[in-house]
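Student: Predicted model, plus sequence, below.
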Amino acid sequence: MPDAIPQRIARLINARLAGVIALAFAFLLITGCATSPALSETAQQQLPRQSQLSDVPFHAQRDYQCGPASLAMVLHADGVDVEVDTLIPQVFLPGREGSVQPEMLATVRRHGRIPFVLDTSFEALVTELAAGRPVVVMQNLSLPAWPLWHYAVAIGYDLDTREMTLHSGEEAARIESFRRFNATWARSDRWAFVALPPGELPEGVAEDRALEAIADYEQVQGAAAALPAWEALVGRFPDSALGHFALGNARYELGDIEGAIEAFEHATDIHPDLAVGWLNLGLALQEQGQRDAAQEALTRAATLPGRWQAKAEAALGAQ
Amino acid sequence: MKKLCRILSPLLILALVLGSLSVSAAPLAPGSDLISTQAALSAERADSDRERIHEVLARDDVQAQLVAQGVDLDEVEARVAALSDAEARQMADQLEEMPAGASVVGALFAVFVILLVTDILGLTNVFPFTR
């Protein structure tokens, strides 16, 4: 077999070439997302060059418990007195040797703070830090193929040295370059949240996101706890029909029926097609004994097509 | 032990289902009660009634999964109650694939070398001594 050897060599060269191409491709994949985060022009101008929150207490993580430790830090920073040892059974999943994102948010709710997941931008994160609020971030410290998921608390940044400061793992106020932080943070799809007392909202929060965060909180903690948050929401978004509607519901639940009627009227003024707004307005008026006004509101609700129509008709029938 | 489990598990499931049904079904009950903000928001997102029922089942599913993951029985109910409807659904559907923040490396030597290089390049942050 005289020509077998050149063939084998040719095959070997081919294999090596393929290997080199694969390696180059893999390298491109890895480095592709590792860029330094960019801030918009306006953000560059408006944000302070640096901000460090010195009053965020540090709790070193034990074993795999960066989740409970991070929660303890943000909750303590906001004056919630809860120990890491209390948080561990509330958020840690022994079977996964870690904590998952939904339960991080749920645990914040249990301790009377509203978790707001931030926009997935570096700007949103830095803006919260500039406003003096520590931010819990999720990072994958390793590569996507061998993930090393980690929660840390961002407590500061410096636009001049391009460095983040984080309470992370067993290290207080760890300095991480923007580039390295951005690379590890991007692998969690830039997941970050702040834990705020009812009545405070993140700087750049979108209306629908705020509505949902507060509604989820209300479901756990009740109307009395959520009331200041609804008031803050309509303060920030005066044209939010659903915001006024939610405020009305909270007031109604707390026995302030006149205040509820006022809020429902506001909601239907802003958005005359809000059937559920007319319906609740009608029901609240009915309870107040204002039959004519109730009749009018319920009729509006009954004429708008949708899922509330049946209930509005039933209420009209009971008039 | 297995036998005991076989008897206990259905009972536990039943107890959890009944326990959560009464709570979750409350907003659907007829009467002159106002429409809750949560119901209005989920209607706004065009969730159907079927999805609401799915959510009730999701919470039970999450409870069972948390128990299986070793969460204390005393804690399970409160943990599930603190989840939003969307979160409960997400947990029920994909708890296994969800990233769990923990920070442990259980990697092999080859991985160690690769991560060491990427650490030095500033792409990862596994080994503190590379900084």
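Tutor: Perfect, I can see it now.
Student: Who does the residue positioned nearest the centre of chain A form a beta bridge with?
Tutor: In chain A, the centroid-proximal residue (Cα atoms, centre = their mean) is A:Val117; its distance is 0.9 Å. A:Val117 has the following beta-bridge partners by DSSP bridges: A:Phe193.
Student: my guess is it meets A:Trp191, correct?
Tutor: Yes: counting by Cβ atoms under 8 Å, A:Val117 does reach A:Trp191; the two are 7.1 Å apart. In short, each C-beta sits where N, CA and C put it, glycine included.
Student: what's the host helix or strand of A:Asn182 packed up against?
Tutor: Using DSSP states H and E, A:Asn182 sits within helix A:178-186. Applying 3 or more Cβ pairs under 8 Å, 6 or more residues apart in numbering or on different chains; DSSP states H and E, we find helix A:178-186 packed against strand A:135-140, strand A:163-168.
Student: Taking strand A:135-140 as reference, get the angle to the last one.
Tutor: Put simply, strand A:163-168 runs at 90 degrees to strand A:135-140, going by axes from the mean of the first three to the mean of the last three Cα atoms, to 10 degrees.
Student: Strand A:163-168 - contacts with which helices or strands?
Tutor: helix A:66-77, strand A:149-158, strand A:171-177, helix A:178-186.
Student: any chance of the ones you listed in TSV, with mean pLDDT too?
Tutor: Listed next are these as TSV, based on pLDDT from 0 to 100:
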stretch	mean pLDDT
helix A:66-77	95
strand A:149-158	96
strand A:171-177	93
helix A:178-186	94
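Student: Tell me which of those lies nearest to A:Ala297.
Tutor: Among these, the nearest to A:Ala297 by Cβ to Cβ is helix A:66-77 (42.4 Å).
Student: What lies in contact with the helix or strand following the closest one?
Tutor: Note on helix A:66-77: by DSSP H and E, the next helix or strand toward the C-terminus is helix A:84-91. With Cβ atoms under 8 Å, 6 or more residues apart in numbering or on different chains as the test, helix A:84-91 has contacts from A:59, A:62, A:65, A:67-69, A:71-72, A:99, A:103-104, A:106-107, A:110, B:71-72, B:75, B:78-79.
Student: Weed out the non-buried ones from these.
Tutor: A:59, A:65, A:67-69, A:71-72, A:99, A:103-104, A:106-107, A:110, B:71, B:75, B:79 (16 or more other Cβ atoms under 10 Å in any protein chain shown).
Student: between those residues, which is closest to A:Gln309?
Tutor: So of the buried ones among the contacts of helix A:84-91, ranked by how close each gets to A:Gln309 (Cβ to Cβ), first place is A:Ala106, at 34.4 Å.
Student: I figured the closest one hits B:Arg79, correct?
Tutor: Yes: the criterion here is Cβ under 8 Å, and A:Ala106 meets it with B:Arg79 at 6.6 Å.
Student: ok now do A:Leu298, which residues does it touch?
Tutor: Contacts of A:Leu298 (Cβ under 8 Å, 6+ apart): A:Trp278, A:Leu279, A:Gly282, A:Leu283, A:Gln286, A:Ala312, A:Ala315, A:Leu316, A:Gln319.
Student: about what we covered before: generate a markdown table for the helices and strands packed on helix A:178-186, with mean neighbour count and mean pLDDT as supplementary columns.
Tutor: Shown next, in a markdown table, are those (neighbours: other Cβ atoms under 10 Å in any protein chain shown; pLDDT from 0 to 100):
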| stretch | mean neighbour count | mean pLDDT |
| --- | --- | --- |
| strand A:135-140 | 26 | 96 |
| strand A:163-168 | 25 | 95 |
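Student: need those strands in a markdown table with distance to A:Arg49, can you?
Tutor: As requested, those are exported to a markdown table (distance: least, Cβ to Cβ, whole Å):
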| stretch | distance to A:Arg49 |
| --- | --- |
| strand A:135-140 | 18 |
| strand A:163-168 | 12 |
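Student: and whatever residue of the stretch 201-319 of chain A ends up closest to chain B, what element?
Tutor: Proximity of the stretch 201-319 of chain A to chain B (Cβ to the nearest Cβ) peaks at A:Asp216, 3.7 Å away. If you go by DSSP H and E, A:Asp216 is part of helix A:207-221.
Student: again, but for A:Asp63
Tutor: Going by DSSP H and E, A:Asp63 is not in any helix or strand.
Student: looking at it, A:Ala130 is touching A:Pro48, isn't it?
Tutor: Yes: A:Ala130 lies in contact with A:Pro48 (Cβ under 8 Å); the separation is 5.6 Å.
Student: More neighbours: those two, which one.
Tutor: More crowded of A:Ala130 and A:Pro48, by other Cβ atoms under 10 Å in any protein chain shown: A:Ala130, with 18 against 11.
Student: how about that one, what does it touch?
Tutor: Contact analysis of A:Ala130 by Cβ under 8 Å, 6+ apart lists A:Leu47, A:Pro48, A:Ser51.
Student: Looking at the residues you listed, which is nearest chain B?
Tutor: A:Ser51 (21.9 Å).
Student: what about that closest one, distance to A:Leu87?
Tutor: The gap separating A:Ser51 from A:Leu87 is 27 Å, by Cβ to Cβ, to the nearest Å.
Student: again, but for A:Ala275
Tutor: Counting by Cβ to Cβ, the gap from A:Ala275 to A:Leu87 is 42 Å.
Student: Mind putting the contacts of A:Ala130 into JSON lines with distance to chain B, secondary structure and pLDDT?
Tutor: Shown next, in JSON lines, are the contacts of A:Ala130 (distance: Cβ to the nearest Cβ, whole Å; DSSP: H, G, I helix; E, B strand; the rest coil; pLDDT from 0 to 100):
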{"residue": "A:Leu47", "distance to chain B": "24", "secondary structure": "coil", "pLDDT": "92"}
{"residue": "A:Pro48", "distance to chain B": "26", "secondary structure": "coil", "pLDDT": "94"}
{"residue": "A:Ser51", "distance to chain B": "22", "secondary structure": "strand", "pLDDT": "95"}
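Student: Helices along chain B, start to end?
Tutor: B:2-25, B:37-44, B:49-68, B:73-81, B:85-94, B:109-121 (DSSP state H).
Student: By mean pLDDT, show me the worst of those.
Tutor: Ranked by mean pLDDT, the helices of chain B end with helix B:2-25 at the bottom, a mean of 52.
Student: Give the buried residues for the helix or strand hosting A:Gly282.
Tutor: Secondary-structure assignment from DSSP H and E places A:Gly282 in helix A:275-288. By neighbour count on 16+ other Cβ under 10 Å, the buried set for helix A:275-288 is A:Ala275, A:Val276, A:Gly277, A:Trp278, A:Leu279, A:Asn280, A:Leu281, A:Gly282, A:Leu283, A:Ala284, A:Leu285, A:Gln286.
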